[in-house]
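> structure for the following, please:
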Amino acid sequence: MGQIVEIKEIKILSEKFRKNNQKIVFTNGVFDILHRGHIEYLIKAKNLGDILIVGINSDDSVKKIKGNKRPIVQQEDRAYLLSNISCVDYVCIFNEETPLNLISEIIPDVLVKGADWDKNNIVGKDIVESHGGKVETIEFIPQRSTSDIIDIIIKRYCKQIDK
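Numbering: from 1, shown residues only. Now for the predicted structure:
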């Protein structure tokens, strides 16, 4: 089981992992309504190294990115759920719209995002590569997203509410 840590703690831990020659993998996202696509993505990310650190957007940063209706699940609950997935070692909440500051503190060996991202546009790419690390993308599972789940709920339940 993983731990939820502050940015200052993850910096210290990252230095320790590097000294122990452990490969640090970092990914980030909202991870709003946790689903199979998230789990498979995280398992694949963990397989790229020894330590998987997951940065999650704070509630405030999610609202800036996705609008006032999101997140559905509060940051403390999202962090708790992620930290209890066996492949996740550490979870860190960040307040900015991007994880650039967090990546700068961790300096991961591998930076991972979904394949919907162009590698050249991944935030933190330059930092990771300038330290000898690499950037990887992972394919998504079709029809396995938070937006898909929200759409299903709306389609199934809005008709009942309107009656």
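
> residue 55 reaches residue 90, doesn't it?
No - with contact defined as C-beta atoms under 8 Å, residue 55 does not reach residue 90; the gap is 9.4 Å. Yep, even glycine has a C-beta here, placed from its N, CA and C like the rest.

> what bridges to the residue most central in space within the chain?
Geometric centre of the chain, nearest residue: residue 28, 2.5 Å, by C-alpha atoms, centre = their mean. With DSSP bridges applied, residue 28 shows beta-bridge pairing to residue 55.

> in this protein, which spans are strands?
Using DSSP state E, the strands of the chain run over residues 3-4, 24-29, 51-57, 90-94, 110-114, 134-138.

> which other helices and strands does the third one contact?
Applying 3 or more C-beta pairs under 8 Å, 6 or more residues apart in numbering; DSSP states H and E, we find strand 51-57 packed against helix 7-19, strand 24-29, helix 36-46, helix 75-83, strand 90-94, helix 100-106.

> just to revisit the earlier point, can you put the strands of the chain in JSON lines and add distance to residue 40 and mean pLDDT?
Listed next are those as JSON lines, based on distance: least, C-beta to C-beta, whole Å; pLDDT from 0 to 100:
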{"stretch": "strand 3-4", "distance to residue 40": "22", "mean pLDDT": "98"}
{"stretch": "strand 24-29", "distance to residue 40": "13", "mean pLDDT": "98"}
{"stretch": "strand 51-57", "distance to residue 40": "13", "mean pLDDT": "98"}
{"stretch": "strand 90-94", "distance to residue 40": "18", "mean pLDDT": "98"}
{"stretch": "strand 110-114", "distance to residue 40": "11", "mean pLDDT": "96"}
{"stretch": "strand 134-138", "distance to residue 40": "9", "mean pLDDT": "97"}
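
> much appreciated, bye for now.
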